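> Sequence and predicted structure are below.
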Amino acid sequence: MNTKEEKQDRAPGSTTMAPGVLLTLARLTALSVPGVVDMAPIRSGVNRLFRRGSGAGVQINIEDGEVAVDLFLILAQDTNVREVSRKVQAEVVRAIEEMIGMNVIRVDIHIEDIDYAGITD
């Protein structure tokens with residue numbers, strides 16, 4: 001393909017993305033995994049003040065174009081924690097890499113609570 005044809009195939013301009021897009025994608029992907037009931041609130045304090053991109057049970061850190069994700073989950077009772085955690089990790093990596101095109105260096109799972117009888121604190 002010559003340069004003129006290549007230029008015609010590309011749309012003019014650029015695409016930018018708000019950090020909230022990554023937060024929303026990670027959160028919705030985690031919630032879609034069977035066994036995940038909800039996202040836990042992130043504990044407040046000094047550490048939260050220095051972390052970028054935190055909210056709704058998700059913390060995102062982007063360095064040199066690579067993404068690190070922390071997810072704070074509430075799981076359903078009688079859930080295999082290890083299986084659900086691995087599934088969430090795999091799905092979040094897939095979603096970010098395929099939909100956004102960014103490399104994910106890690107997804108850390110923090111199990112904050114188990115939802116017994118559909119009631120959480």
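That came through, no problem.
> residues contacting Val21?
The neighbourhood of Val21, defined by Cβ atoms under 8 Å, 6 or more residues apart in numbering, consists of Ile100. Where you see a C-beta, it was placed from the backbone N, CA and C, and this is true even at glycine.
> which SSE is it in?
helix 19-31 (DSSP states H and E).
> Pull out the CA atoms of that helix and give them to me as PDB.
This file holds the C-alpha atoms of helix 19-31, laid out as PDB (Å, rounded to 0.1, in the frame of the first residue of the first chain):
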ATOM      1  CA  PRO A  19      -8.600   8.100  33.200                       C
ATOM      2  CA  GLY A  20     -12.200   7.300  34.300                       C
ATOM      3  CA  VAL A  21     -12.600   5.100  31.300                       C
ATOM      4  CA  LEU A  22     -10.000   2.700  32.700                       C
ATOM      5  CA  LEU A  23     -11.700   2.800  36.100                       C
ATOM      6  CA  THR A  24     -15.100   2.000  34.600                       C
ATOM      7  CA  LEU A  25     -13.800  -0.700  32.300                       C
ATOM      8  CA  ALA A  26     -12.000  -2.500  35.200                       C
ATOM      9  CA  ARG A  27     -14.900  -2.100  37.600                       C
ATOM     10  CA  LEU A  28     -17.600  -3.400  35.100                       C
ATOM     11  CA  THR A  29     -15.400  -6.200  34.000                       C
ATOM     12  CA  ALA A  30     -14.800  -7.400  37.600                       C
ATOM     13  CA  LEU A  31     -18.500  -7.100  38.400                       C
END
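> May I see the buried residues of it?
Leu22, Leu23, Leu25, Ala26, Arg27, Thr29, Ala30, Leu31 (16 or more other Cβ atoms under 10 Å).
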